[in-house]
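1. Got a sequence here, can you model it:
(one chain, ligands or ions: 2)
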Amino acid sequence: MKIQSAEVIVTSPDRNFVTLKLTTDDGLTGLGDATLNGRELSVVSYLRDHVVPLLIGRDAHQIEDTWQFLYRSAYWRRGPVTMAAIAAVDVALWDLKAKAAGMPLYQLLGGASRTGLLAYGHASGKDIPELFDSVRSHLEQGYQAIRIQTGVPGLKAIYGVASNATAAGNTGKRYDHEPAQRAPLPAEEDWDTRAYLRHLPGVFEAVRNEFGADIPLLHDGHHRMTPIQAAKLGKSLEPYDLFWLEDCTPAENQAALRLVRQHTTTPLAIGEVFNTVWDYQGLITEQLIDYVRSAVTHTGGISALRKILDFAAQYQIKSGMHGPTDISPVGMAAAMHLGLAIHNFGIQEYMKHGALTDSVFQQSFTFTDGMLHPGDQPGLGVSLDVDEAGKYPYQTAYLPYNRLHDGTVHDW
Ligand code: KDG
Ligand code: MG
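-> Ligands and ions are numbered 1, 2, ... in the order given. Predicted coordinates for the structure are as follows:
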């Protein structure tokens, strides 16, 4: 099974997606997600200009060898662009291997360890009534675990809060913020950590009073706090029994989590911007976190994330793979096959894609009563309609950024 062609497909149905499509000499096709939100074209160039020429003629069955070749031969290791490109190749090869075997991919990863994957969705509102509407809408859609983000009094725009959260929630399609906005320049948001720290515990108290003690609740701090601020937040949220507090401090400094951990029993999740096992080394061996947030798409693919998760398993750390809409249906399916197979699955983030995205990517995974399943088609179970994809050319899009009241650029 030799790789005959490798095509990089860029499409922007509801947002930009980059997909690698490999075709073998026996006519099989494999797909891999290479979408790096807001920096999509850099991965396109990395793949088209530097990786595709290396793939033609290679044995598609040699997944590990191809991974090691792409990682080590480049000399310049790690980084989100490199690792997203390697991930796309790796996932496309796993898709091919599973199709050649006539099995759903999770069977090749060891078979199912559970019947389905607990998923969480994003509820948000600029204030408590709007947040409650969004939580109710998620419960109606079947979600059994919910992330809670709200506006903060005095701040105009804030991470994770849809400007039209309620209306969007009712459609069941676009109920979350759109973090990468189609625009020639990034949008500016404002931020005040003290106001946020004062406001958030009351929000969780209100949600627990309204929706009860049972439902797993999550929160994303989006890298905005210093270690001592994060420790304070974790402590103040303890009465509300969070499933996790995500990205409480900027992700570069693993040692910061040591300080947070010493002060709070709120479970911690981190890693959506990480791209190799080295970003986790201290966090895992010192048991400073509870959940690994990496996506297959940004961490070198199934082969590499599997190794990180197996390493994490020795320390009772579980998966919580990143799954916002900037992970394409191909990347989501890869996460689901891996999540179904590993023993230390924790939870899967899941936001439905828009209707146009669904018209480009045909998917066989299911979401029933809050549980995901990748389906039983051979391979990943996702196909891409190239003609449909061609209708939606790339559009410039940027993630927003933050400034404090005095104009200082802050972490976003
Ligand atoms: O591309 C950035 C988004 O994926 C990110 O802002 C979403 O934090 C996020 C999450 O937890 O889904
Ligand atoms: Mg996040």
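2. Which positions are bridged to V8 in the beta structure?
-> The residues paired with V8 through beta bridges, assigned by DSSP bridges, are L20.
3. Partner strands of the helix or strand hosting Q362 and their direction?
-> If you go by DSSP states H and E, Q362 is part of strand 361-363. In its sheet, strand 361-363 lies beside strand 382-384 (antiparallel), with partners assigned from DSSP bridges.
4. ok, back up a step: Provide the strand pairings for whichever helix or strand comes after the strand holding Q362, with the direction of each partner.
-> Using DSSP H and E, the helix or strand that directly follows strand 361-363 along the chain is strand 366-368. Next to strand 366-368 in the sheet, as set by DSSP bridges, lie strand 371-373 (antiparallel).
5. Pull out the buried residues from the partner strand.
-> For strand 371-373, the buried set under the neighbour-count rule, 16 or more other C-beta atoms under 10 Å, comprises 371-373. Where C-beta positions appear, they are placed from N, C-alpha and C, glycine not excepted.
6. So which elements touch the helix or strand harbouring I148?
-> Assessed by DSSP H and E, I148 sits inside strand 146-150. Other helices and strands packing on strand 146-150, by 3 or more C-beta pairs under 8 Å, 6 or more residues apart in numbering; DSSP states H and E, are strand 117-125, helix 128-140, helix 193-211, strand 217-220.
7. Quick check: mean pLDDT of stretch 320-331?
-> Taken as a whole, stretch 320-331 has an average pLDDT of 98.
8. Helix or strand: which one has the most centrally placed residue in the chain?
-> Among the residues of the chain, the one closest to the centroid is H322, at 2.2 Å (C-alpha atoms, centre = their mean). Assigned by DSSP H and E, H322 belongs to no helix or strand.
9. Look up how far ligand 1 lies from it.
-> The span separating H322 from ligand 1 equals 6 Å under the rule C-beta to the nearest ligand atom, to the nearest Å.
10. Number the residues from 284 up from this point.
-> Got it, first residue is 284 now, which makes that one H605.
11. Hmm, that residue is touching S577, no?
-> Yes: contact criterion C-beta atoms under 8 Å: H605 and S577 qualify, at 6.5 Å.
12. if I look at those two, which residues touch both of them?
-> 554-555 (C-beta atoms under 8 Å, 6 or more residues apart in numbering).
13. still on that earlier bit, which stretch among the helices and strands packed on strand 429-433 approaches ligand 1 most closely?
-> Relative to ligand 1, the nearest member of the helices and strands packed on strand 429-433 by C-beta to the nearest ligand atom is strand 500-503, separated by 4.8 Å.
14. what does the closest one rub up against?
-> When contacts are taken as C-beta under 8 Å, 6+ apart, the neighbours of strand 500-503 outside the stretch itself are 403, 428-432, 442-443, 483, 487, 490-491, 520, 523-530, 552, 630.
15. Try it again at 6 Å.
-> Counting by C-beta atoms under 6 Å, 6 or more residues apart in numbering, strand 500-503 makes contact with 403, 430-431, 443, 525-529, all of which sit outside it.
16. Farthest-apart pair in the residues you listed, please.
-> G443 and F526 (15.8 Å; C-beta to C-beta).
17. for this structure, what helix or strand is lowest in average pLDDT?
-> Taking mean pLDDT, DSSP states H and E as the measure, the helix or strand of the chain with the lowest value is helix 448-454, at a mean of 33.
18. what's the next secondary structure element after that one?
-> The helix or strand immediately downstream of helix 448-454 is strand 464-465, counting by DSSP H and E.
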